[in-house]
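1. Okay, structure incoming, though there's no sequence with it:
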Ligand SMILES: Nc1ncnc2c1ncn2[C@@H]1O[C@H](COP(=O)(O)OP(=O)(O)OP(=O)(O)O)[C@@H](O)[C@H]1O
Ligand SMILES: [Mg+2]
C-alpha cells in the first residue's frame with residue numbers, strides 16, 4: 001500500500017465510485033466526499049497529498065471551494081474536474097491555483113499520470129520548504145573534527161572513547177557539565193562521527209526562547225494554527241530528519257513542553273500545531289545541561305520519566321580545574337587560533353602566568369580560558385602574554401578560594417576564620433600597630449587584644 005492519501009470530492013455517485021475504486025486499485029488510500037460540507041470534515045482530519053475536486057457540487061461552487069482549500073493547504077495539488085472541456089473553466093481553475101483540470105469523461109490512465117506527477121511535485125515542494133528552513137540553521141554551523149578538540153587529560157581521553165562508542169548508537173545522549181566545559185563541542189563531535197553525519201545538525205537553546213515559541217519551533221505549525229500563523233512552517237523535529245537535534249539547556253525547558261517532548265520520544269511521531277497529520281521522526285537526540293537534573297527533579301521542575309528517556313547514554317564533562325592537563329594544550333591551541341585571527345605573533349605565556357593558570361579555578365571553564373587568551377592577544381604589544389594580559393592576579397584567585405572555604409564551614413567556624421583573616425590583614429597593613437589595626441577593623445583596641453589572644457595570632 002502506498003502511503004499517499006487522496007481525496008475525491010464528487011457528488012455523482014457513479015463517477016465518484018469509478019474514480020475511488022480505480023485509485024484504490026492503483027494502491028492509494030482514498031477518501032471520498034459528495035459535498036463541500038463532508039469534504040471539509042475530512043480535510044480537517046487529515047492532510048491529503050492530492051485532491052480531486054468537481055466543478056459543481058450540491059452545496060457549493062467548486063471554484064470557490066478551491067480557493068478555500070488553497071488558502072488552508074497552499075501546497076496540496078488540487079485537480080479540478082469539469083463536466084465538459086471548457087477553456088474558460090480551465091483557465092479560471094488554473095488562476096485560482098488548481099494543479100490541473102480534467103474534463104469528463106475522465107481518461108483514467110491520464111488521471112493516474114497526473115496524480116503521480118502531482119505527488120512527486122508536492123513532495124518536492126515540501127522538501128524545498130524544509131531546505132529553506134534548514135539553511136537558516138545551517139548558517140551557524142561549523143565543520144568540526146577531532147583535531148580541533150583538545151583532550152590531553154585522562155578524563156577527556158576517556159570521554160573521547162565514550163564519544164566514539166556512543167556515536168555509533170542511535171539512542172539519546174545526555175551531556176552534563178558546568179558552563180563552558182565543551183558540551184556543544186562534544187554534541188557536534190558525536191553527530192560528526194555517527195551514522196547521521198550527512199544529515200543536518202539542528203540546535204536550539206531551550207533557555208533562550210519563550211515557552212509558546214519553543215513549542216512552535218520544535219513542532220512547527222500549519223497556516224492558521226494560531227493568530228499570526230500566516231503560513232505553515234516545519235518544526236525542528238522535521239528539520240532534523242536524518243540528522244541530529246541538539247536540545248541545549250534542556251534543564252530550562254518548561255514542564256508543559258517536557259511532557260510533549262516525552263510523547264515524541266515514546267511514540268517516535270509528532271504533529272505540527274494545527275495539523276492532524278502524524279509525522280514520523282527519524283533523528284538523533286542529544287540534550288545538554290549545566291544544571292543538576294536530579295535536583296530539578298526533586299524540586300518538581302524536571303520530569304523524572306523524561307530524564308530516564310534522555311539519560312540512556314550519559315557524558316559528564318568535568319570542570320577544567322579537575323583536568324589540569326588540558327589547560328596548557330588548550331592555551332597553546334587558543335594562542336594559535338587568535339594569532340591567526342588577529343594577525344599576531346604571540347609566542348606563549350610568561351612563567352608566572354603559567355603558574356597562575358594552573359592554580360586558577362576557572363569558574364567559566366574552557367570558554368573563560370579562551371576569552372582570557374583572546375583578550376590578552378588583543379591587548380598585548382609583546383610576544384609573551386603575562387598574567388596581567390590574562391586578567392589574572394594571585395590574590396583574585398586566593399580570595400575566591402577563601403570565600404569558597406568560608407561558605408562550606410559551619411557558621412561559628414566561618415566567623416572565626418573570617419575574623420582571623422581580617423585581623424591578620426589589618427595587622428599587616430598597620431605594620432603591627434594595634435591601635436591602627438583596631439581602627440581599620442572598626443573595633444576597640446581592647447576587643448582587638450582580646451581576639452588576638454583568643455586566636456593566638458602573631459606570637
Ligand atoms: N576540548 C576542547 N578543545 C577545544 N576547544 C574547546 C574544548 N572544549 C570547549 N572548547 C571551546 O570552549 C568554548 C565553550 O565550549 P562549549 O560552547 O561547547 O561549552 P558549553 O559546555 O556548551 O557551555 P555553556 O554551558 O555555556 O553552553 C567554545 O568556544 C569551544 O570551542
Ligand atoms: Mg552550550
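-> That came through, no problem. Everything quoted here is computed from the prediction, not taken from an experiment. Numbering: from 1, shown residues only. Ligands and ions are numbered 1, 2, ... in the order given.

2. if we look at the sheet, which residues does the closest residue to residue 162 other than its chain neighbours bridge to?
-> For residue 162, ignoring the flanking residues on the chain, the nearest one in space by CB to CB, 6 or more residues apart in numbering is residue 315 at 5.8 Å. C-beta here means a position set from N, CA and C on the backbone, and glycine is covered the same way. Judged by DSSP bridges, the bridge partners of residue 315 are residue 175.

3. Longest helix in the chain, by number of residues?
-> Scanning the chain for the longest helix, with DSSP state H as the assignment, gives helix 108-138.

4. what does the stretch 101-250 of the chain put close to ligand 1?
-> Selection of the stretch 101-250 of the chain residues close to ligand 1 by CB under 6 Å from any ligand atom yields 149-151, 177, 179-185.

5. try 5 Å
-> Within the stretch 101-250 of the chain, the positions adjacent to ligand 1 are 149-150, 179-185 by CB under 5 Å from any ligand atom.

6. residues touching the residue of the stretch 151-300 of the chain at minimum distance from ligand 1, list them.
-> The stretch 151-300 of the chain approaches ligand 1 most closely through residue 182 (2.7 Å), counting by CB to the nearest ligand atom. Neighbouring residues of residue 182 by CB atoms under 8 Å, 6 or more residues apart in numbering: 149, 317, 365-366.

7. what do you get for residue 274?
-> Counting by CB under 8 Å, 6+ apart, residue 274 touches 221-226, 229.

8. Please indicate which of these are buried?
-> Using 16 or more other CB atoms under 10 Å as the burial test, the contacts of residue 274 include 221-223, 225, 229 as buried.

9. just to revisit the earlier point, the longest helix of the chain: what's the following helix or strand?
-> For helix 108-138, the following helix or strand on the C-terminal side (DSSP states H and E) is helix 154-168.

10. List the buried residues for stretch 448-459?
-> So stretch 448-459, judged by 16+ other CB under 10 Å, has buried residues 448, 451-452.

11. Same check on stretch 181-190?
-> Buried, per 16+ other CB under 10 Å, within stretch 181-190: 181-184, 186-190.

12. try stretch 11-28
-> By 16+ other CB under 10 Å, the buried positions in stretch 11-28 come out as 11, 15-16, 18-20, 22-23, 28.

13. quick one: contacts of that stretch?
-> 1-2, 4-6, 8, 10, 30, 32, 34-35, 52, 54, 56-58, 104, 106, 108, 111-112, 115.

14. Quick check: the gap between the residue nearest to residue 219 when sequence neighbours are not counted and residue 257.
-> In this structure, residue 219 finds its nearest non-sequential neighbour in residue 235, 4.4 Å apart by CB to CB, 6+ apart. According to CB to CB, to the nearest Å, residue 235 stands 12 Å off from residue 257.

15. can you check residue 126 too?
-> Counting by CB to CB, the gap from residue 126 to residue 257 is 25 Å.

16. tell me the pLDDT at the residue nearest in space to the middle of the chain?
-> In the chain, the residue lying closest to the centroid (CA atoms, centre = their mean) is residue 204, at 2.1 Å. If you check residue 204, the pLDDT there is 94.

17. which non-adjacent residue is nearest it?
-> residue 236 (5.8 Å).

18. What residues does that neighbour make contact with?
-> Contacts for residue 236 (CB under 8 Å, 6+ apart) come out as 137, 202, 204, 217-218, 220, 245.

19. Now do residue 375: how many residues are near it, please.
-> 15 (other CB atoms under 10 Å).

20. again with the one 4 residues further on
-> The number of residues packed near residue 379 is 13, by other CB under 10 Å.

21. pLDDT wise, what is the nearest residue in space to it that is not next to it in sequence at?
-> What sits nearest to residue 379 in space, not counting adjacent residues and going by CB to CB, 6+ apart, is residue 389, at 5.8 Å. What the model reports as pLDDT for residue 389 is 91.

22. what's residue 389 sitting at in phi/psi?
-> phi -60, psi -30 (degrees, to the nearest 10).

23. which residues does it contact?
-> Contact analysis of residue 389 by CB under 8 Å, 6+ apart lists 353, 375-377, 379-380.

24. Correct me if wrong: the residue nearest to residue 219 contacts residue 275.
-> No - counting by CB atoms under 8 Å, residue 235 does not reach residue 275; the two are 10.5 Å apart.

25. More neighbours: these two, which one.
-> Neighbour count, other CB under 10 Å: between residue 235 and residue 275, residue 235 has more, with 22 against 19.

26. Look at the closest residue in space to residue 361 that isn't next to it in sequence and give its secondary structure.
-> Closest residue to residue 361 apart from its sequence neighbours, by CB to CB, 6+ apart: residue 321 at 5.1 Å. Here residue 321 is recorded as helix under DSSP: H, G, I helix; E, B strand; the rest coil.

27. quick one: residue 321 from residue 222, how far?
-> 50 Å.

28. picking that back up, give me the common contacts of residue 235 and residue 257.
-> Residues touching both residue 235 and residue 257 (CB under 8 Å, 6+ apart) are residue 218.

29. what distance separates the start and the end of stretch 266-286?
-> Using CA to CA, to the nearest Å, the end-to-end distance of stretch 266-286 comes to 15 Å.

30. residues of it that come out buried?
-> Buried residues in stretch 266-286 (16+ other CB under 10 Å): 270-275, 279, 281, 283-286.

31. Verify the stated contact: the residue nearest to residue 162 with residue 175.
-> Yes - the criterion here is CB under 8 Å, and residue 315 meets it with residue 175 at 4.9 Å.

32. can you list residues touching both of the two?
-> Taking CB under 8 Å, 6+ apart as the contact rule, residue 315 and residue 175 both touch residue 186.

33. Mind checking which of the two has more residues around it?
-> residue 175 (28 against 20).

34. mind checking pLDDT for the more buried one?
-> For residue 175, the model assigns a pLDDT of 97.

35. can you pull the contacts of the residue in the stretch 1-150 of the chain that ligand 1 sits nearest to?
-> Closest residue of the stretch 1-150 of the chain to ligand 1, CB to the nearest ligand atom: residue 150 (3.8 Å). The contact partners of residue 150, by CB under 8 Å, 6+ apart, come to 156, 326, 329-330, 333.

36. Report the buried members of those.
-> 156, 326, 330, 333.

37. from the residues you listed, which ones fall inside helices?
-> Per DSSP H, the subset of those in helices is 156, 330, 333.

38. Okay, domains of this protein per the record?
-> Using automatic domain parsing, the domains assigned to the chain come out as 5-131, 146-318, 321-395, 409-455.

39. Which of the helices or strands spans residue 47?
-> Counting by DSSP H and E, residue 47 is found in no helix or strand.

40. That'll do, ta.
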